[in-house]
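Student: Dropping the sequence and predicted coords here.
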Amino acid sequence: MGLVGAGLFGSNVVLGASISYYGGLLKTSNMLASLVVVTALGVLMTQILSIIEGHFDSWRTGLGK
């Protein structure tokens, strides 16, 4: 999410830059499409990392298990 935030202010290539660009042009459908893509990527990456963490977390016992 840091890359999206950085893209809002200092880049012309990242998804955050497209959100800022389309927002400036008042093209809300394009802006919201970019926002949906960023949100979907965030959810997808969180789920993938959760699965990887669960795989490597099998050695841990106690509080959470």
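Tutor: Received the coordinates, thanks.
Student: use CA for all of it now, contacts and neighbours both
Tutor: Will do.
Student: okay, now Ala17: neighbour count?
Tutor: 22 (other C-alpha atoms under 10 Å).
Student: Mind listing what's buried along the helix or strand hosting it?
Tutor: Per DSSP states H and E: Ala17 is located in helix 15-24. Across helix 15-24, burial judged by 16 or more other C-alpha atoms under 10 Å covers 15-22.
Student: Kindly spell out which helices and strands sit in contact with the lengthiest helix in the chain.
Tutor: Taking DSSP state H as the criterion, the chain has its longest helix at helix 28-56. The contact analysis (3 or more C-alpha pairs under 8 Å, 6 or more residues apart in numbering; DSSP states H and E) places helix 28-56 against helix 15-24.
Student: The helix it packs on packs against which elements?
Tutor: Applying 3+ C-alpha pairs under 8 Å, 6+ apart, we find helix 15-24 packed against helix 2-10, helix 28-56.
Student: and the helix holding Ala17 with helix 28-56, angle?
Tutor: Angle between the axes of helix 15-24 and helix 28-56 is 160 degrees (criterion: axes from the mean of the first three to the mean of the last three C-alpha atoms, to 10 degrees).
Student: May I have the secondary structure class of Trp59?
Tutor: coil (DSSP: H, G, I helix; E, B strand; the rest coil).
Student: Around it, how many other residues sit close by?
Tutor: 7.
Student: do Ala33 as well
Tutor: With other C-alpha under 10 Å as criterion, Ala33 counts 14.
Student: Name the spans of this protein whose pLDDT lies under the cut-off.
Tutor: Regions of the chain meeting the criterion pLDDT under 70 cover residues 1-13, 60-65.
Student: same thing but at 80, please
Tutor: For the chain, the stretches flagged by pLDDT under 80 are 1-16, 57-65.
Student: Grab the most central residue of it for me.
Tutor: Gly42 (3.2 Å; C-alpha atoms, centre = their mean).
Student: From Val14, how far off is that residue?
Tutor: Going from Gly42 to Val14 by C-alpha to C-alpha, to the nearest Å gives 14 Å.
Student: Likewise for Ile51?
Tutor: The gap separating Ile51 from Val14 is 26 Å, by C-alpha to C-alpha.
Student: the more surrounded of those two?
Tutor: Neighbour count, other C-alpha under 10 Å: between Ile51 and Val14, Val14 has more, with 15 against 12.
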